[in-house]
Structure formats: structure tokens, C-alpha cells
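Q: give the three-dimensional model of this entry:
(one chain, ligands or ions: 1)
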Amino acid sequence: MGAATMYFGIKFETDTEELYHQVHFEQKFPEIESRSMFVSLSAVGDYERAPPGYRAVTISTHVRTEDFTMDRKSGEYKDYKQRIEDILIGKFNDAFHHYGIADIKEIHTGTPLTFERFTGRHRGSVGGIPWKAWQPIWKRIGSRLPLDNMFLVGDTALPGQGLAGVSLSAIHFSNTYTDRTKGC
Ligand SMILES: Cc1cc2nc3c(=O)[nH]c(=O)nc-3n(C[C@H](O)[C@H](O)[C@H](O)COP(=O)(O)OP(=O)(O)OC[C@H]3O[C@@H](n4cnc5c(N)ncnc54)[C@H](O)[C@@H]3O)c2cc1C
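A: I've put the predicted structure just below:
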């Protein structure tokens, strides 16, 4: 699974105190895998994240990594990224216009090609292998490998996605390794 993210600064005419939002889409867009996006705002008065009068906005949603086989510098990629930006900004406007959007600046967009470039993750995938109702737990990739002293940790290993899953995966590795060194 991949993510599309947007980061920008915003000036509202009326500030909203709530920081975390999930905006649901009524329709499915071919470029976007989920039917919703997450919006986080920096707190009013947090001048480390945005200058006075502005708030920092982060938007994220899911996209398919396999849709990003094009070259990062190609026109095809620029057009595709623009379509994603138009959808996310459009949905942001629909959800927040009643606060009065006075200004939006410093727009930056991330896609699986961005995550691949900056984090080195395979095809820019993020968030690990998603849980599926029809996938039994014993078919997930565990931390043990057939090679001695080599283990898997992180969101592609059991139990998977998210910070809680990654932390559990590290605890699981630690317990397995400690047991091994104790000869259990
Ligand atoms: C936009 C977005 C929103 C998210 N929101 C949430 C959320 O609200 N709640 C939640 O629980 N989870 C969330 N997640 C998921 C969560 O961030 C990940 O599941 C978690 O960070 C994965 O941790 P990890 O250590 O497995 O991998 P990563 O955090 O990706 O760490 C892997 C590290 O390995 C480095 N690396 C890659 N290749 C190499 C190499 N060859 N050599 C050395 N280093 C290398 C990378 O640079 C990176 O630092 C979100 C993810 C994204 C992208």
C-alpha cells in the first residue's frame, strides 16, 4: 500500500480548534485507493510549525504503489500528481470552506515515488502489508528467518501496520532473540 500526502500552510478567517479530522468521499476516485483522507492541523499558537496567522496542514490518504511505475521527471507523473492534488485540495475546500480560507501557501505533495526516494522503502510502500479479513494470521510474515541471527522487524512483519504493530514486532523480536540466546 502507498500513501499520497499534502503539506501546506493555511490562513483561516475563523480558526478551528479541532486538530484531527477524517474527511469521507461520497465517490471513488480512480487515483485514490481509499474513500477518505486524514487532515491534521497544527495547534493555534504553535509557531514552531507555522508562522503567526497560519496553521500547518498535513493531508494523507492511500494510493496504490503499482500505479506509480512512471519516471519521477515525466509529464505523465506530473499530470497524475496534479490530479491527486486537485482531488485532495478540492475535498479539503469542501470540508473547511465554512471557516473562510483566506490563503494557502507552500504546497508540497508526496507520492510513493517521494517515499521511495527519501526513505528507500521498496516502491515507496508505507504502512506495511494491510490486514485482510480473509488472510489468516499464520500466513503473515513472522520475525524468524531460516538464517541464524537474522530477524525481521517493522510494519511488513507480524503483527504489521502502524506504530502499535511496529512496537509489538520489536518486542516480539526482542523476546525471540532473548529466548534464543538463553537456549530456549
Ligand atoms: C502518511 C502516513 C500516515 C500514517 N499514519 C499512521 C497513524 O496515524 N498511526 C499509525 O499507527 N501508523 C501510521 N502510519 C504508519 C507508520 O508510520 C508505519 O507503519 C511505521 O512508521 C513503520 O515503521 P517501520 O520501522 O517498520 O518503517 P519506517 O518507519 O519506514 O522505517 C524504515 C527505516 O529504514 C530506512 N531504510 C530504508 N532502506 C534502508 C537501507 N537500505 N539501509 C538503511 N536504512 C534504510 C528508512 O529510511 C527508514 O528510516 C502512517 C504512515 C504514513 C506514511
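
Q: alpha carbons only for contacts and neighbour counts from here, please
A: OK.

Q: Cys100: what's it in contact with?
A: Cys isn't right for residue 100; it's Gly. When contacts are counted by Cα atoms under 8 Å, 6 or more residues apart in numbering, Gly100 touches 12-14.

Q: enumerate the residues of this structure near the ligand.
A: When proximity is defined as Cα under 6 Å from any ligand atom, the chain approaches the ligand at 3, 60, 119-121, 126-128, 154-155, 161-164, 166.

Q: so where is this protein shaky, pLDDT-wise?
A: Counting by pLDDT under 70, the chain has low-confidence residues at 183-184.

Q: from the residues of the chain next to the ligand, which two are the most distant?
A: Gly120 and Ala164 (21.9 Å; Cα to Cα).

Q: quick check on Ile87: phi, psi?
A: When read as degrees, to the nearest 10, the backbone of Ile87 gives phi -60, psi -50.

Q: look up how far Lys28 lies from it.
A: Going from Ile87 to Lys28 by Cα to Cα, to the nearest Å gives 11 Å.

Q: which one of the two has more residues nearby?
A: Taking other Cα atoms under 10 Å, Ile87 and Lys28 do not tie; Ile87 has more neighbours (15 against 11).

Q: so Asp79: helix, strand or coil?
A: helix (DSSP: H, G, I helix; E, B strand; the rest coil).

Q: hang on, the earlier thing: of the contacts of Gly100 - the most surrounded one?
A: Busiest of the contacts of Gly100 [other Cα under 10 Å] is Phe12, holding 18 neighbours.

Q: from the ligand, how far out is that residue?
A: Here the criterion is Cα to the nearest ligand atom, to the nearest Å. By it, Phe12 lies 24 Å from the ligand.
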